[in-house]
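Participant: Give me coordinates for this.
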Amino acid sequence: MSLLSTVTAVLPTISGLLDRVIPDPQAKAQAQMELLRLQQDGAFRELDAALQNGLAQAKINEIEAQSQSAFKSGWRPLAGYVCVGGLAYEFLLRPLLPWVLTVAGVQNVPPLPSLDDVLFELLFGMLGLGTLRTLERRQRVSAIAPK
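Facilitator: The predicted structure is shown next:
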C-alpha cells in the first residue's frame, strides 16, 4: 500500500480527532488546511517519482534499442520470432509431422504437445505492439524514426 493511499484512508479519522481536540473553528480549519497541504505534497512527490521512473525507463529503452549488441537490441525481435515459430509449430508442424511419419512407415507416433492455450494471446500481443511501433515510426513520434 502506498503512503498516499494510507494518508488518504487515515485523513477522515484525523479530521474527526481535530473536531474533538481543537474546539476553535478557525484553528481547526487551519489544521485541516495543513493536513490537506501535506496530503497534496505527498501526492505530488509520488507522482513526480513515478514520472521520473518512467522517464528513466524510456531513456534505457532508447539506449537499448540503439545498441549494436544483438543481446541488448535483439530480444524484442527474438520474442517475435519465437511467436512465429510457435505459430508454425502449432498449425503446420504439429498436425503434419505425425501424418508424414505415419506415411513414412513409423509406427506408434506419440502425439505432440499443444501450445494453443497461450499462443494466441502472445501472438495478438506481439502483433499489436508491432503495429503500434510501426504507426509511431510513420508518424515520427518515436525517437528512432525512419529517414
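Participant: Give me the helix or strand of the protein that scores worst on average pLDDT.
Facilitator: helix 3-21 (a mean of 61; mean pLDDT, DSSP states H and E).
Participant: tell me the domain ranges of the protein?
Facilitator: Split into domains by automatic domain parsing, the chain comes to 1-67, 74-147.
Participant: Pick out the shakiest of these, pLDDT-wise.
Facilitator: When the domains of the chain are ranked by mean pLDDT, domain 1-67 comes last with a mean of 70.
Participant: Pull out the buried residues from stretch 125-133.
Facilitator: residue 126 (16 or more other Cβ atoms under 10 Å). In short, each C-beta sits where N, CA and C put it, glycine included.
Participant: Please apply the same query to stretch 104-121.
Facilitator: 115, 119.
Participant: Check stretch 50-64 too.
Facilitator: Buried residues in stretch 50-64 (16+ other Cβ under 10 Å): none.
Participant: Can you show me the CA trace of that stretch as PDB?
Facilitator: Only the C-alpha atoms of stretch 50-64 are listed here, as PDB (Å, rounded to 0.1, in the frame of the first residue of the first chain):
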ATOM      1  CA  ALA A  50       6.500   7.900 -10.900                       C
ATOM      2  CA  LEU A  51       7.200  10.400 -13.700                       C
ATOM      3  CA  GLN A  52      11.000  10.300 -13.100                       C
ATOM      4  CA  ASN A  53      10.900   6.500 -13.100                       C
ATOM      5  CA  GLY A  54       9.000   6.400 -16.400                       C
ATOM      6  CA  LEU A  55      11.400   8.900 -18.000                       C
ATOM      7  CA  ALA A  56      14.400   6.900 -16.800                       C
ATOM      8  CA  GLN A  57      12.900   3.700 -18.300                       C
ATOM      9  CA  ALA A  58      12.200   5.400 -21.600                       C
ATOM     10  CA  LYS A  59      15.900   6.500 -21.700                       C
ATOM     11  CA  ILE A  60      17.000   3.000 -21.000                       C
ATOM     12  CA  ASN A  61      14.700   1.700 -23.800                       C
ATOM     13  CA  GLU A  62      16.100   4.200 -26.200                       C
ATOM     14  CA  ILE A  63      19.700   3.300 -25.400                       C
ATOM     15  CA  GLU A  64      18.900  -0.400 -25.600                       C
END
